[in-house]
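Enquirer: no FASTA, just this:
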Ligand SMILES: O=C[C@H](O)COP(=O)(O)O
């Protein structure tokens with residue numbers, strides 16, 4: 001079956017208003033293959049700006065706005081946090097959850113990540129659930145164990161059926177921002193494992209879930225990565241801050 005392809009830009013704590021303008025103009029000029037969606041995830045202060053500029057300039061309908069994080073509570077005394085309703089008011093459609101930088105630097109547990117996935121789904125938005133192993137875990141052959149545990153905690157929380165509305169991004173931590181991309185074969189092998197793991201709970205849903213690869217994807221390696229049968233697009237960090245390079249990556253998504 002044909003799965004949806006997604007290319008998502010995670011700007012992390014980078015970018016500014018000028019980049020929002022340039023990205024919207026640049027992406028509007030890209031010919032996106034049918035069945036390909038593009039998601040731009042700037043920092044919180046730029047979400048409303050993105051929407052305002054997109055409304056003013058017009059935006060291809062397959063380009064969407066995403067957030068890099070959300071708080072799992074609906075509202076309350078959580079200084080510095082952002083609720084799902086606030087994101088909805090800014091026209092956000094996708095939310096990155098469980099990025100390894102959130103898990104490592106901010107100590108987000110798999111339970112918290114699962115709560116956030118549930119919160120995003122309950123609001124009718126799409127979570128981009130990030131999973132991935134560290135270099136030490138790969139070297140000690142624990143990759144599949146780590147990925148299974150990260151996935152199982154979300155399955156336990158929301159049930160496998162709800163994965164129909166979940167996007168998964170596999171990002172080996174050792175490949176993030178390091179220039180050390182997983183080889184297409186290694187990435188494919190791990191994506192296939194993820195799909196097979198989901199299939200143990202529900203084969204039909206496993207076959208439908210878009211699986212994105214993330215970790216030093218750039219204009220030179222995107223085509224071979226996206227050509228792999230179980231890779232349905234990418235979660236792009238550094239290369240998504242360069243409009244021309246990101247356009248090349250979006251154009252390479254197979255749809
Ligand atoms: O969310 C994106 C990933 O962390 C990948 O970042 P990168 O493309 O800079 O390696």
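Expert: Cool, the structure landed. Worth saying up front: this structure is predicted, and the values here are computed from it rather than measured.

Enquirer: OK, now which residue of this protein is nearest to the ligand?
Expert: Of all residues in the chain, residue 237 sits closest to the ligand, at 2.3 Å by Cβ to the nearest ligand atom. Every residue, glycine included, has its C-beta placed from N, CA and C.

Enquirer: contacting residues around that residue?
Expert: Taking Cβ atoms under 8 Å, 6 or more residues apart in numbering, we find residue 237 in contact with 10, 11, 12, 176, 177, 214.

Enquirer: keep only those that also lie close to the ligand.
Expert: The subset of the contacts of residue 237 within reach of the ligand, by Cβ under 6 Å from any ligand atom, is 10, 176, 177, 214.

Enquirer: let me have these in TSV, extended by neighbour count.
Expert: Written out in TSV, the entries for these read as follows (neighbours: other Cβ atoms under 10 Å):
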residue	neighbour count
10	26
176	21
177	12
214	27
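
Enquirer: quick one on the thing from earlier: if I look at the residue of the chain closest to the ligand, how far off is residue 138?
Expert: 19 Å (Cβ to Cβ, to the nearest Å).

Enquirer: just residue 173 next, same as before
Expert: 9 Å.

Enquirer: and the residue of the chain closest to the ligand, how far is that from residue 223?
Expert: For residue 237 relative to residue 223 (Cβ to Cβ), the value is 18 Å.

Enquirer: what strand or helix carries the most far-flung residue of the chain relative to its centre?
Expert: Ranked by distance from the centre of the chain (Cα atoms, centre = their mean), the top residue is residue 77, with 28.0 Å. Under DSSP states H and E, no helix or strand contains residue 77.

Enquirer: how about the residues of the stretch 1-150 of the chain by the ligand?
Expert: Contacts of the stretch 1-150 of the chain with the ligand, taken as Cβ under 6 Å from any ligand atom, map to 10, 99.

Enquirer: surely residue 201 is in contact with residue 158?
Expert: No. Using Cβ atoms under 8 Å, residue 201 makes no contact with residue 158, being 11.4 Å away.

Enquirer: so for those two, which residue has more residues nearby?
Expert: Neighbour count, other Cβ atoms under 10 Å: between residue 201 and residue 158, residue 158 has more, with 19 against 15.

Enquirer: if I read this right, the more buried one contacts residue 117, doesn't it?
Expert: Yes. With contacts counted by Cβ under 8 Å, residue 158 reaches residue 117, the gap being 6.2 Å.

Enquirer: any common contacting residues for the two?
Expert: residue 166.

Enquirer: residues near residue 68, how many?
Expert: Residue 68, neighbours per other Cβ under 10 Å, totals 21.

Enquirer: tell me the contacts of it?
Expert: Residue 68 neighbours (Cβ under 8 Å, 6+ apart): 10, 11, 12, 41, 43, 44, 96, 99.

Enquirer: thank you kindly, that will do.
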